[in-house]
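Engineer: sharing a model prediction with you, sequence too.
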Amino acid sequence: MNATRTAVGAPAIALTGVSKAYPGGVRALDDVSLTVERGTFLAVMGPSGSGKSTLMHCAAGLDSPTSGSVRIDGHEIAGLNENRRTELRRERVGFVFQAYNLIPSLSIEENITLPLRLAGRSPDHDWLRTLVERVGLADRLTHRPAELSGGQQQRAAVVRALVARPAVVFADEPTGALDLRSAHEVLDLLRDLVADLGQTVVMVTHDPAAAARAHHVLVMADGRVVEAMEAPTAPELASRLVALGEV
Amino acid sequence: MFRLAIRMVGHRITALIAVACAVLGGAALITATGVLAESGLRSHLPAGRLAGADVVVAADQEFRPPGELPLALPERRRVPSRLVGELAGLPGVTAAVGDLGFPAALLDARGQVVPTRDPQVAGHGWSSTKLARPSAGAPLDGGAPTGSGEVAVDSATAAAAGIEAGDSVRVVVDGRPAAGYRVSAVVDVPAAGIFFADPTAARLAGHADRVDLVGLRTEPGAGQRVAAEVRTRLKGTGLLTVTGADRGDTAAPGAGASRSLLVLLAGSLSGIVLLITGFVMASALAVSVAGQRRDLALMRAVGATPKQIRRLAAAQSTVALAVALVPGVGLGYVLAGQFRRLLADRGVVPSELPLTYSPLPALAAIILLVLAVQVAARCSAWRTSRMPATEAVAESRSEPREPSRTRTRVGVLVIVAGTALSALPLFSRTVIGATATSIAGIIGAIGLALAGPALVRGVGGAAARATGAGASAPTWLAMANLRAYALRNAGIVSTLAMAVVFVLTYTLTQTTVLAATADDTRTATLAQQRLTAPGLGGLPTGTLTAVRDTAGVRAVAPVGTTTVVWQYRQFGDTVSESAPATILTPDASDVLDLDVTDGSLGRLRGATVAVSGDAARTRSATVGRRVSLVLGDGVRVDAEVVAVYGRGLGFGSVVLSHDLAAGHTTTTLDQSLLIRTDGTATARQGLTALAASRPGLALQPANLPSADGLEDAPPEVWINLATIVVLLVYLLLSIANKLVAATAQRRVELGALRLNGTTPRQIRSMMRREAAMTAATALVTALLLSALPLALLGQGFLGRPWPAGPVWLLPGLALTVTVTAFLTIELPTRQALRTAPADAVRAH
């Protein structure tokens, strides 16, 4: 279960019949199936309570579904214990959260190399330098997160997510806490990663403008995928959301 | 992982300082206890008056039951005097001396007794001076005493009496009337001594065929060889051959007793010290981990396995440990020295008894603490490490869990068990029975910690319902918080309650036992006067008859004390217990009322004993049965039980008959007489005149007024009280740390409240009300938990349903708890209010 890559052609993420129910009867996910091919940029949209965050948690191995199968990079994770799931996650999944991505007491460089350190691997310095220069943080490596702007912190989080060359990067409302300009920068970065490096990105968002940057968009409501759209425009997405709300 | 841990420490420095303080205190306490224990086992008195004897042969003053710790025998066991001649003939021996010790006291010019440290063995033969110094004991001036009319005196006593060589002096020897002697020499020996010519000493001592010990002087360098040879010769006789540092212990048999006391003290302390240290450290670690919840959750999301999180917590704690361990251990050695000084001041251990300072206690403390920290860090990080990684993205901070039902049930069961245990004092009016109360208190506190959340939720709910619609906002908010955050509040309440319960039960147990013992002694004493002769080593022969013949005296009886070892069967094993015993004659019931429930003290003749009610019940020693005892000089006797009495606290579990104990104490003289008069002034005057007419007699009222004050408290009580104070401070620091951290973590909540329109003043007011409720709940719960055990203790020991103790204890505790709760909530609240609410809510 280490650095070997599986056969080319396996989808980055494959969910089959995944359901997640919480004690008390709340069904956050209801029999969801989806496949994410490599090198695609997928956005998952929906009103709050639609289950998009839960979907991401299950797909990323952060949480285990009540039923169904989840395969990351060809490896089944449902049914693994916490330790194995963590190991799988840190090799194959990268994460960008909305806020609080970086550990305040560590420097940017230490934050970026954290997953590798936890795995006991040393970072590929060339790859690291490429990424850092690409996001424009080369001169900020020794600083603490508190000394960076919100946008810079998110970009550092993106680098951290990529440093282990994961099969897929999950982004949970990455631009939710950013001003417009920083939001554009981060979204452009994500789009470029997919285009230039063939990285797979799955982004959860409620912002139609952000979702419009993606290749595919899934719209969720009440724990189900209600619509899949190809390269939609922002106005199309917005009107779709409004229609959902009216039903 | 270690580097990461250190890097992450920077932001959590206060929490780790708290851990370091916990480790510091724990290391100091454990080391101090270890030093006391080791000293009890390995310390030796300095050789003193035996410094010149290269090899000493003496009887074993310890009773060694198989499989148990040796017990000290305080009465001198003697050695056959023929050994002196036998051992003198060994090659390498230049001199062999048989040392005799018997009561002797010098009278100064005014007829007052010159006080010495141990008058019971102040008299010696002249040859004993040879044992005192490496060079032959040359007198300072004058010559050795010759004939039966001369003595030599040590320089200290001579100076105190104001005499020199050549003077005449009166000496009271072994119960005989004072006689005149000529001082032939003043000698420079380390211990007090009145040296008679050897034949005279042998005659005065009264046991021609036995000596106290045999000292050998050897050729230079031959010491070890001679010692080995002597050991071979004496194999199987049970006698000890000692050289070097062990010699000091043979000079006075009481040394063994004080060493046993040290070991006992250390043993009784160690339990409570370990418990509280563990608790405080676990608490500090829990606070430290809780403060890093978000960081640890993020690391979990980024790829740290639960095991790695726990290793991180352990690594951080190890850093704190490394910083505090060495100073803590050093502090422990200092603390042990202070304890020893306290004991020496009370006269419990001889002030010459040194502490053994070896690295062993430090090593023990280090190993214990390292283990404890590693385990405790992992345990406190357990829940955090197992929390799902989604916590990092979760915003909610409420406590959705209901307090687990099992936990509540177990807690209630534990409380019930503790309460049941506290009934023991009703059945066993002994020190052991009293300990049950303190243990019951601690158990109840643990049960409270388990059942706490349900209880606090109930109290909070009731309080919330009770506050009517007209209550102010801060009050209503405070009540709602109490109910909603039951888990968090329960932790704080139960810790505070535990501290109060612990201090209350421990202190009041000590003071109640003290009061009961003094009560026993006071109500039992029918006599009005007590006659002793402390400076003479015992009352002179004929004093008893003289007192009986004094007008107005109704009854007089001698009372003595010694130690006995009682071996009995308990749960199938043989247990040896050493206990103080009183020595009484058959007419003791005229002067003492021991509350005899069966049999009669008048039958205390020959080989008979009386036993306390507790002993009779637990060891099947009822009237008519025979018991096997080991007397204070190690001789085993068989005796018949002729009476059972109730006042075991004041008089010990065994009363020996005078006949049985005769010859088995260091001296045969009576130590004190209890005198019952008809109460008239004539009687008192007659007794005073009698006491004045003979030198060295002291007449006191039989019941001293300060009998139940702390001044006369036995040393265990002092040590226990001192320890309680130290532990309370330690506990309070830990509680303060917890409270400060808990309040600081509520920043988000306070920010949200302020955004909703709560003014800072209202927030402070709310927090103060919460503090008040917390303190009040803690105090009330503690009182409820300890009320029944303490009532039972009082009933069992004092016959009334409340214990004896200082009146200021409870108000003092209440004040301390309230002040602690308020300060530790008020100050962090003000700190938290300084951040703008919007920033606080953005939660960093």
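Structural biologist: Ah, there it is.

Engineer: for chain A, where's the lowest mean pLDDT among helices and strands?
Structural biologist: In chain A, no helix or strand scores lower on mean pLDDT, DSSP states H and E than helix A:234-246, which sits at a mean of 80.

Engineer: and B:Ala515, how far is that from chain A?
Structural biologist: 57 Å (CB to the nearest CB, to the nearest Å). C-beta here means a position set from N, CA and C on the backbone, and glycine is covered the same way.

Engineer: oh, I was asking about B:Arg617
Structural biologist: From B:Arg617 over to chain A (counting by CB to the nearest CB), the distance is 56 Å.

Engineer: what is the one helix or strand B:Asp519 maps to packed up against?
Structural biologist: Assigned by DSSP states H and E, B:Asp519 belongs to helix B:486-524. Under the contact criterion of 3 or more CB pairs under 8 Å, 6 or more residues apart in numbering or on different chains; DSSP states H and E, helix B:486-524 touches helix B:254-291, helix B:431-466, helix B:648-651, helix B:715-744, helix B:760-798, helix B:809-833.

Engineer: could you redo those helices as CSV and give each row distance to chain A?
Structural biologist: Shown next, in CSV, are these (distance: least, CB to the nearest CB, whole Å):
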stretch, distance to chain A
helix B:254-291, 12
helix B:431-466, 19
helix B:648-651, 59
helix B:715-744, 16
helix B:760-798, 25
helix B:809-833, 18
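
Engineer: can you get me a residue count around B:Thr523?
Structural biologist: 13 (other CB atoms under 10 Å in any protein chain shown).

Engineer: which stretches in chain A count as helices?
Structural biologist: Ranges of helices in chain A, per DSSP state H, are A:52-60, A:82-92, A:108-112, A:114-119, A:125-135, A:150-162, A:180-197, A:208-211, A:234-246.

Engineer: what residues sit buried inside the host helix or strand of B:Arg383?
Structural biologist: In this structure, B:Arg383 sits in helix B:382-386 according to DSSP H and E. Within helix B:382-386, the residues scored as buried using 16 or more other CB atoms under 10 Å in any protein chain shown are B:Thr384, B:Ser385.

Engineer: now swap in stretch B:567-576 and tell me
Structural biologist: B:Gln567, B:Tyr568, B:Ser576.

Engineer: mind checking how far the first one is from chain A?
Structural biologist: In this structure, B:Gln567 and chain A are 57 Å apart, going by CB to the nearest CB.

Engineer: quick one: secondary structure of that residue?
Structural biologist: Of the three states, B:Gln567 takes strand according to DSSP: H, G, I helix; E, B strand; the rest coil.

Engineer: residue of chain A nearest chain B, please.
Structural biologist: As assessed by CB to the nearest CB, chain B sits closest to A:Arg90 within chain A, at 2.7 Å.

Engineer: so that residue sits against A:Arg117, correct?
Structural biologist: No. A:Arg90 lies out of contact with A:Arg117 (CB atoms under 8 Å); the separation is 10.0 Å.

Engineer: show me what the most centrally placed residue in chain A bridges to in the sheet.
Structural biologist: Compute the mean C-alpha point of chain A, and by CA atoms, centre = their mean the closest residue is A:Phe170, 0.7 Å away. Beta-bridge partners recorded for A:Phe170 (DSSP bridges): A:Phe95, A:Val202.

Engineer: beta partners for B:Ala59?
Structural biologist: Here B:Ala59, judged by DSSP bridges, has bridge partners B:Leu239.

Engineer: need the per-residue pLDDT for it.
Structural biologist: In this prediction, B:Ala59 carries a pLDDT score of 90.

Engineer: who's in contact with it?
Structural biologist: By CB atoms under 8 Å, 6 or more residues apart in numbering or on different chains, the contact set of B:Ala59 is B:Arg77, B:Arg78, B:Val79, B:Leu213, B:Gly238, B:Leu239, B:Leu240, B:Gly634.

Engineer: look up phi and psi at the residue lying closest to B:His658 once chain neighbours are set aside.
Structural biologist: Closest residue in space to B:His658, ignoring its immediate chain neighbours: B:Thr585 at 4.5 Å, by CB to CB, 6 or more residues apart in numbering or on different chains. Main-chain torsions, B:Thr585, degrees, to the nearest 10: phi -100, psi 170.

Engineer: B:Thr585 against B:Arg603, yeah?
Structural biologist: No. The pair B:Thr585 / B:Arg603 is not scored as a contact, 11.4 Å apart, by CB under 8 Å.
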